[in-house]
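Enquirer: give me the fold of what follows.
(one chain, ligands or ions: 4)
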Amino acid sequence: MSTLISRSVVNMKVFIIVNLCLPYLLHGTDGRKFRNDYYYYPEAAGWLKLHEVPATWNNAWLKCFREGAVLASPETENLNNTMKLLSANLQNSFAIYTGIHATFSKGDYYTIEGTPLSKINVTWAPGEPDNFGDKENCLAMYHNGTLADVDCNGIFPFLCYKKKTKLITNACGTIDTDYALNVKTGSCYKFHRFPQNWTQAFAACSGEGGYLAIINSNVEASVIRELYVSNPDSVMPGSFEKSMAHIGVSDWGRRGLWLTIHGETLNAAGYDKWVNGYPSADTTANMNRPCGTVFRDGLLANTKCGMVRPFICEKTPDSLEDYEYYE
Ligand SMILES: *[C@@H]1O[C@H](CO)[C@@H](O)[C@H](O)[C@H]1NC(C)=O
Ligand SMILES: *[C@@H]1O[C@H](CO)[C@@H](O)[C@H](O)[C@H]1NC(C)=O
Ligand SMILES: *[C@@H]1O[C@H](CO)[C@@H](O)[C@H](O)[C@H]1NC(C)=O
Ligand SMILES: *[C@@H]1O[C@H](CO)[C@@H](O)[C@H](O)[C@H]1NC(C)=O
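Expert: Ligands and ions are numbered 1, 2, ... in the order given. Below you'll find the model as predicted:
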């Protein structure tokens with residue numbers, strides 16, 4: 001513990017965190033940069049984030065993936081111990097998902113990273129594995145570290161893991177080089193060429209530490225137009241609508257009302273220029289199109305949320321300085 005303290009005293013804030021010790025156990029202190037919502041655990045040789053909200057195995061996989069990490073597996077004794085430590089505090093469940101799964105081929109268990117189950121020192125819970133009802137293809141870990149096979153559609157909390165590597169965070173506070181800081185707005189943007197529906201787009205931006213873009217000014221609309229210029233139709237293979245991108249506008253289930261995903265009216269947010277004829281005055285038409293998109297020319301339109309389109313994420317260029325690592 002003392003070496004940890006000397007290595008991570010950066011400012012008073014961190015010093016206090018370290019001194020309280022319990023947060024150390026919960027979060028780790030060695031703040032090498034990855035993301036603000038991940039903590040570095042020297043003994044696990046990487047960063048971890050506990051997702052307390054239970055999810056199906058597939059959604060857990062996807063959440064970790066979107067965050068640039070993997071669903072954690074107790075592959076080594078040290079990682080195992082850290083996973084046990086972190087999950088022990090969960091009140092809402094008796095187990096967490098691991099990344100160990102047989103979703104490709106029944107009975108052939110691997111970690112996400114591809115380590116076969118035979119290479120992992122597993123202790124099974126009593127009566128496990130039982131492939132109950134021939135429906136169990138995912139492994140969950142009880143708080144005492146023993147494993148059980150479970151139905152992948154069951155919901156459990158989970159841990160995402162990023163193995164220690166040399167990471168370079170950019171001016172946007174992320175290792176994702178697709179985010180670029182725009183000096184005109186002071187915000188960071190990423191144009192997603194691979195199309196998703198509005199819901200998936202929201203989740204992707206959120207996982208990346210950002211949000212579906214919110215246009216706050218004419219200047220920002222021009223930034224969006226410039227993003228489009230760098231992303232012509234030709235760079236997006238496939239047949240889908242490429243001239244509209246999902247952004248952070250929604251009717252919040254209140255037909256005819258248009259707000260940003262941060263709850264402001266478009267007018268209050270600073271930009272409400274719609275394409276001619278949008279939003280439709282017809283509430284029935286709007287009912288089917290409650291999600292917001294932006295055209296190549298920077299004008300807004302409402303659309304069906306299920307339509308897959310490119311989308312634009314925005315991110316505050318948050319610094320990771322509270323957890324800056326000093327040697
Ligand atoms: C994880 O911990 C449990 C309980 O302490 C132990 O039985 C199991 O073998 C450990 N797994 C690994 C990979 O060390
Ligand atoms: C596997 O885990 C058990 C229980 O934690 C431990 O006693 C044993 O030494 C471990 N075996 C290997 C090969 O790591
Ligand atoms: C670990 O927890 C499981 C589930 O609560 C329980 O069935 C099992 O007996 C426990 N094993 C040990 C070694 O405590
Ligand atoms: C978006 O796609 C996801 C995954 O396929 C699906 O579960 C969701 O219902 C879709 N959303 C809409 C609004 O259609």
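Enquirer: can you pull the pLDDT of the residue most central in space within the chain?
Expert: For the chain, the residue nearest the mean C-alpha position is Gly207 (1.8 Å; CA atoms, centre = their mean). We have a pLDDT of 96 for Gly207.
Enquirer: burial check on the nearest residue to it once chain neighbours are set aside, number of neighbours?
Expert: Spatial nearest neighbour of Gly207, excluding adjacent residues (CB to CB, 6 or more residues apart in numbering): Arg66 at 2.6 Å. Heads up, the C-betas are built off the backbone N, CA and C, glycines and all. When neighbours are counted by other CB atoms under 10 Å, Arg66 registers 17.
Enquirer: and Arg66, its phi and psi?
Expert: Dihedral pair for Arg66: phi -60, psi -30, per degrees, to the nearest 10.
Enquirer: ok, now which ones touch it?
Expert: Ala203, Ala204, Ser206, Gly207, Glu208 (CB atoms under 8 Å, 6 or more residues apart in numbering).
Enquirer: can you put those residues in JSON lines and add distance to ligand 3 and secondary structure?
Expert: Shown next, in JSON lines, are these (distance: CB to the nearest ligand atom, whole Å; DSSP: H, G, I helix; E, B strand; the rest coil):
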{"residue": "Ala203", "distance to ligand 3": "32", "secondary structure": "helix"}
{"residue": "Ala204", "distance to ligand 3": "35", "secondary structure": "helix"}
{"residue": "Ser206", "distance to ligand 3": "33", "secondary structure": "helix"}
{"residue": "Gly207", "distance to ligand 3": "31", "secondary structure": "helix"}
{"residue": "Glu208", "distance to ligand 3": "35", "secondary structure": "coil"}
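Enquirer: from these, pick the one nearest ligand 4.
Expert: Closest approach to ligand 4 among these (CB to the nearest ligand atom): Ala203, at 8.9 Å.
Enquirer: which residue is the nearest non-sequential neighbour of the closest one?
Expert: Leaving aside its chain neighbours, Ala203 sits nearest to Arg66 (6.7 Å; criterion: CB to CB, 6+ apart).
Enquirer: got the domain boundaries for this protein?
Expert: Residue ranges for the domains of the chain, per automatic domain parsing: 39-163, 180-315.
Enquirer: do the first one and ligand 3 meet?
Expert: What that stands for is domain 39-163. Yes - remark: domain 39-163 sits within contact range of ligand 3 at Phe94, Ala125, Pro126, Tyr142, Asn144, Thr146, by CB under 6 Å from any ligand atom.
Enquirer: pull up the distance across that domain, start to finish.
Expert: 12 Å (CA to CA, to the nearest Å).
Enquirer: same check on stretch 84-97?
Expert: OK, stretch 84-97 end separation, CA to CA: 12 Å.
Enquirer: ok now that stretch, how far from the chain's centre?
Expert: 20 Å (CA atoms, centre = their mean, to the nearest Å).
Enquirer: cool, and stretch 118-136?
Expert: The answer for stretch 118-136 is 29 Å, by CA atoms, centre = their mean.
Enquirer: try stretch 233-242
Expert: For stretch 233-242, the separation from the chain centroid amounts to 25 Å (computed by CA atoms, centre = their mean).
Enquirer: against Asn216, how distant is the residue nearest to Gly207?
Expert: From Arg66 across to Asn216, the span is 25 Å (CB to CB, to the nearest Å).
Enquirer: kindly report the same for Lys106.
Expert: 51 Å.
Enquirer: repeat that for Asn170.
Expert: When Asn170 is compared with Asn216 (using CB to CB), they lie 22 Å apart.
Enquirer: now swap in Asn89 and tell me
Expert: To Asn216, Asn89 is 39 Å away according to CB to CB.
Enquirer: neighbour count winner among these two?
Expert: Asn216 (19 against 11).
Enquirer: can you tell me the closest non-neighbouring residue to that one?
Expert: Nearest to Asn216 is Gly270, by CB to CB, 6+ apart, at 4.1 Å.
Enquirer: next up, the contacts around that neighbour.
Expert: Taking CB under 8 Å, 6+ apart, one finds Ile215, Asn216, Ser217, Glu220 in contact with Gly270.
Enquirer: adding distance to ligand 4, pLDDT and secondary structure, write those residues out as CSV.
Expert: Output for these, formatted as CSV (distance: CB to the nearest ligand atom, whole Å; pLDDT from 0 to 100; DSSP: H, G, I helix; E, B strand; the rest coil):
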residue, distance to ligand 4, pLDDT, secondary structure
Ile215, 22, 98, coil
Asn216, 25, 98, coil
Ser217, 29, 98, coil
Glu220, 26, 98, helix
